[in-house]
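Undergrad: sharing a model that was predicted from the sequence below.
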Amino acid sequence: MHKFLKTQIILFFFLVSYVSTVYAYKSWPKHPQGLDKKAYLKEYSKAVSIGIETPGSSGSGVIIGRKKNQYLFITARHVAQSQPSKNEEYWIYSVTDERNKIKVKKFIYPKEFEGYDLALGVFESDTKFPVAYILKKLNYKPDFDFCSIRNIDIFNDGYQGYLECDNEWQILGKPIIGGVSLPTKALNIPIFRTSSLKMLTRAKGNQQGYEAVYEASSTVPGMSGGGVFGQRSCGGLTVPEKIIEYYDDGINGKMPIEREKKTIEFTGFYGGIFAIHGMSEEYSNTSSRSGVGLGIPLDLFSNYFNKISKEYGILKYSSSSFFNC
């Protein structure tokens, strides 16, 4: 009897521990119908972004993994130029809690990133920070069309409002950049900024991996290493509903008949990161900027992220992300 009770107690604490671990990621509610999509994506980017203080300057990054109290973040390689040491310390802070600064434990420069302006970093904290979901390319068949297939029931978001759809990047609505700007003469403190984007093209093979090309309403120094965020539909929920209809059979008059009606209920969106911002286009003869920004698409490294997902706690499926569909 005592042995049985002991087993039950151990099982109870295991379940409590498991639920606590899982729901640490699911701290955001579903995207309610009618909530402004821009506001949602801004809050999403703010929750998962970090500011990075370096010996020389500052930059931005995004948390993409958590394993116990160890966190993995991604940033631009030119932000993380050397390993942290006593002489050159690197610090990160969540943009939702700028006073709590944490030392970077190490930077990782995997061989998969060689030739690309990207780096990973590790820090440790007992605080439970949200983790961003990396939007992977969906390829169910060779001629897969994201914007068309989402119109069938399984992908239908059930939302009646109009949303732009981008086949190249497989996102709904307008994406944004999120990052921490350097102090300026007018704003003498770093602040978290977002900039709405218009995706222009994909320049495959461009220098240092900067293949994502977009028009940005505003990008400033310090936002390098910040994420380019987008959203997708969670998928429609088919809800069966029994209704009574009446018909006249010509003999007995109106007779009731029960049938099932299926409707698509809006289930929301989920956000994620699909590129890292790190460059603005300049005119070589004047050094003025064109208003075009460039980012490194993370779908270039899908296999690598899958390989290290277990070691660093990278979220592999949207249903496991802190924004739970």
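TA: In hand now; what should we look at? Numbering: from 1, shown residues only.
Undergrad: low-confidence ranges in the stretch 151-300 of the chain?
TA: Filtered on pLDDT under 70, the stretch 151-300 of the chain yields the residue ranges 151-162, 183-188, 234-241, 247, 249-250, 261-268, 282-290.
Undergrad: from Leu118, how far out is Val228?
TA: Distance, Val228 to Leu118, by CB to CB, to the nearest Å: 13 Å. Using the backbone N, CA and C atoms, a C-beta is placed for each residue, glycine as well.
Undergrad: same question for Thr75.
TA: Using CB to CB, Thr75 is found at 8 Å from Leu118.
Undergrad: what touches both of these two?
TA: Counting by CB atoms under 8 Å, 6 or more residues apart in numbering, the contacts common to Thr75 and Leu118 are Ile276.
Undergrad: on the three-state scheme, the residue lying farthest from the centre of the chain is what?
TA: No residue in the chain sits farther from the centre than Ile251, which is 62.3 Å out by CA atoms, centre = their mean. Under DSSP: H, G, I helix; E, B strand; the rest coil, Ile251 falls in the coil class.
Undergrad: one more: Gly205?
TA: Per three-state DSSP, the local secondary structure of Gly205 is coil.
Undergrad: that one contacts Leu300, correct?
TA: No - shown here, Gly205 and Leu300 do not form a contact pair, counting by CB atoms under 8 Å, at 10.9 Å.
Undergrad: shared neighbours of those two, anything?
TA: Glu211.
Undergrad: and Ile244, which of the three is it?
TA: Going by three-state DSSP, the secondary structure assigned to Ile244 is strand.
Undergrad: distance of it relative to Val79?
TA: 64 Å.
Undergrad: more neighbours: those two, which one.
TA: Val79 (26 against 8; other CB atoms under 10 Å).
Undergrad: for Glu112, see how far away Trp91 is.
TA: Distance check for Trp91 against Glu112: by CB to CB, it reads 26 Å.
Undergrad: same deal with Asp97?
TA: From Asp97 to Glu112 the distance is 32 Å (CB to CB).
Undergrad: quick check: bridge partners of Glu53?
TA: Ser58, Trp91 (DSSP bridges).
Undergrad: could you do Glu245 as well?
TA: Counting by DSSP bridges, Glu245 forms beta bridges with Ile257.
Undergrad: can you pull the contacts of the spatially most central residue of the chain?
TA: The chain has Gly272 as the residue nearest its centroid, 1.9 Å off, counting by CA atoms, centre = their mean. With contact taken as CB under 8 Å, 6+ apart, Gly272 is in contact with Ala132, Tyr133, Ile134, Leu135, Phe229, Gly230, Gln231, Arg232, Ser318, Ser321.
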